[in-house]
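J.: Sequence and computational prediction follow.
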Amino acid sequence: MTPSDFHVTRSSSVTKIAAVLGLLILIILIAAPYWAGRADMRLMGELFLYLALASLWNLMAGYAGLVSVGQQAYVGFGGYMLFALTMFGGVHPIGAIVIAGFFGALIAVPVALLIFRLRGAYFAIGTWVIAEVFRLSFAQVSVLGGGSGSSLPVGIVRSLSSSRAGREHLSYWLALASAVIVIAAVYFFLRSRNGLALTAIRDNELAAGSLGIDIWRTKFVVYIVTAALTSMIGALIFLQKLRISPDAAFSVNDWTAFVIFIVVIGGIGTIEGPIIGTLIFFALRETLADLGTIYLMVLGVVAIVIMLKAPKGIWGLIRTRFDVELFPLSYRVKHSQTAQKD
């Protein structure tokens with residue numbers, strides 16, 4: 001057995017063990033309404049939603065190189081679509097979440113055609129400007145509460161379940177499902193033909209272009225998919241909150257700054273990074289939230305220290321030291337290259 005074969009076998013074993021543990025954890029989490037308290041379920045539901053947002057931002061920035069500071073545009077857009085569809089379209093809230101994703105993808109097309117003309121820091125600033133345009137636009141829609149916002153009518157809330165416990169359980173399961181679906185979608189997307197192209201772009205954009213990869217098209221597809229799924233997550237977030245306002249829906253602090261922090265400390269450009277980053281972020285938040293502004297200062301210090309000591313994030317440090325990978329995308333690349341040679 002060659003060293004490379006040993007490495008593949010070891011990685012495969014680690015992946016199988018991780019898959020079994022992941023399945024057991026998922027089963028335990030699905031059963032949470034039967035063993036966790038109301039506050040615990042609310043906290044875990046929020047954690048799952050942030051994990052989904054972080055995984056999507058990581059796909060866009062960590063792999064496609066599209067560093068956006070305006071993803072709150074699609075969180076807020078999805079939330080407002082949920083309210084509009086349920087209040088004026090008579091759509092069931094769960095159906096409205098799916099439709100919000102469709103509209104998110106639709107609105108992202110002209111946005112992408114505009115901001116893709118920008119590069120580097122200008123692209124990042126452009127995404128933030130677009131988010132502000134969204135915020136100011138929805139603040140003018142009086143039927144949705146204008147600048148003060150609006151709340152979901154009681155009838156729509158009760159359409160989810162007749163009991164409060166039933167609604168809380170459903171909200172929790174939807175949040176868990178969103179995280180699982182997003183992580184699975186990112187994983188299988190990266191293992192597809194487009195994912196291999198995206199990985200090549202991440203490693204060396206110039207070399208990827210010389211190999212015939214359509215860089216613009218690949219990034220465009222990633223942006224549209226990310227916008228659609230982010231809009232769905234946004235709809236789910238405000239379905240749980242039951243109230244929406246422009247400032248809350250398009251908050252750069254809540255829906256972008258914290259998400260970037262999660263990805264950076266966990267490990268950008270990896271599937272495992274957002275998972276680790278989300279757990280650390282919530283651990284810090286629950287421990288230090290009562291300290292007020294000191295809590296934000298601690299987050300800043302943690303981010304700076306990790307960027308200096310571990311530029312690839314905590315998972316990058318673990319992977320380098322122990323040579324492990326829970327989601328072995330690289331094996332697919334090596335395997336495909338070997339098959340082509342044969």
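T.: Nice, thanks for sending it over. Residues are numbered from 1 along each chain as shown.
J.: make it CA atoms for all contacts and neighbour counts henceforth
T.: OK.
J.: residue boundaries of the strands in the stretch 151-300 of the chain?
T.: Remark: strands assigned in the stretch 151-300 of the chain by DSSP state E, counting those that start in this stretch are 243-244.
J.: which residues of it score low on pLDDT?
T.: Per-residue confidence for the stretch 151-300 of the chain (pLDDT under 70) gives no ranges below the cut-off.
J.: That one: helices as residue ranges?
T.: Secondary structure of the stretch 151-300 of the chain (DSSP state H, counting those that start in this stretch): helices located at 154-158, 164-190, 193-203, 205-210, 215-241, 246-249, 252, 258-266, 272-288, 293-309.
J.: Deepest in the core, which of the ones you listed is it.
T.: Greatest average neighbour count among the helices of the stretch 151-300 of the chain goes to helix 258-266 (a mean of 26), per mean count of other C-alpha atoms under 10 Å.
J.: In terms of secondary structure, what does it contact?
T.: Here helix 258-266 touches helix 38-58, helix 272-288, helix 293-309, helix 313-322, going by 3 or more C-alpha pairs under 8 Å, 6 or more residues apart in numbering; DSSP states H and E.
J.: Of those, which is nearest V264?
T.: Within these, the stretch nearest V264 is helix 313-322; the backing value is 6.1 Å (C-alpha to C-alpha).
J.: Can you check what angle separates that closest one from helix 293-309?
T.: Here helix 313-322 points in a direction 30 degrees away from that of helix 293-309 (axes from the mean of the first three to the mean of the last three C-alpha atoms, to 10 degrees).
J.: Contacts for helix 313-322, please.
T.: Taking C-alpha atoms under 8 Å, 6 or more residues apart in numbering as the criterion, the residues outside helix 313-322 that touch it are 264-268, 272-273, 276, 306-307, 310, 324-325.
J.: Redo those residues as TSV? Include distance to T127.
T.: What follows is the contacts of helix 313-322, written out as TSV (distance: C-alpha to C-alpha, whole Å):
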residue	distance to T127
V264	19
I265	22
G266	23
G267	22
I268	19
E272	26
G273	23
I276	26
I306	26
M307	24
A310	28
V324	35
E325	32
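J.: Of those, just say which sits nearest to S178.
T.: Comparing the contacts of helix 313-322 against S178 with C-alpha to C-alpha places E272 closest, at 16.4 Å.
J.: What's the separation between the nearest residue to the closest one once chain neighbours are set aside and G79?
T.: Nearest non-adjacent residue to E272, counting by C-alpha to C-alpha, 6 or more residues apart in numbering: W315, 6.7 Å away. As judged by C-alpha to C-alpha, to the nearest Å, W315 and G79 stand 32 Å apart.
J.: for A197, same thing?
T.: 32 Å.
J.: Equivalent analysis for K309, please.
T.: Taking C-alpha to C-alpha, one finds K309 at 38 Å from G79.
J.: K219 too?
T.: The span separating K219 from G79 equals 25 Å under the rule C-alpha to C-alpha.
J.: M307 now?
T.: According to C-alpha to C-alpha, M307 stands 33 Å off from G79.
J.: What of T226?
T.: Taking C-alpha to C-alpha as the criterion, T226 is separated from G79 by 16 Å.
J.: likewise G145?
T.: When G145 is compared with G79 (using C-alpha to C-alpha), they lie 13 Å apart.
J.: When these two are compared, which one has more neighbours?
T.: In this comparison of G145 against G79, neighbours counted by other C-alpha atoms under 10 Å, the higher total goes to G79 at 30 against 16.
J.: tell me the contacts of the nearest residue to that one once chain neighbours are set aside?
T.: The shortest distance from G79 to any residue that is not its chain neighbour, by C-alpha to C-alpha, 6+ apart, is 4.0 Å, and that residue is A235. Under the criterion of C-alpha under 8 Å, 6+ apart, the contact list for A235 reads 75-82, 96-97, 100.
J.: which one of these sits closest to N58?
T.: Sorting the contacts of A235 by distance to N58 puts V75 at the head of the list, at 15.5 Å, by C-alpha to C-alpha.
J.: by contact count, what packs against the helix or strand encompassing that closest one?
T.: V75 is part of helix 72-88 when elements are defined by DSSP states H and E. Packed against helix 72-88 by the contact rule (3+ C-alpha pairs under 8 Å, 6+ apart) you find helix 93-115, helix 121-138, helix 215-241, helix 246-249.
J.: Of all those helices, which one is nearest L51?
T.: Ranking the helices and strands packed on helix 72-88 by proximity to L51 (C-alpha to C-alpha) places helix 215-241 first, at 10.4 Å.
J.: relative to helix 164-190, how tilted is that closest one?
T.: Using the same axes, to 10 degrees, the interaxial angle of helix 215-241 with respect to helix 164-190 works out to 170 degrees.
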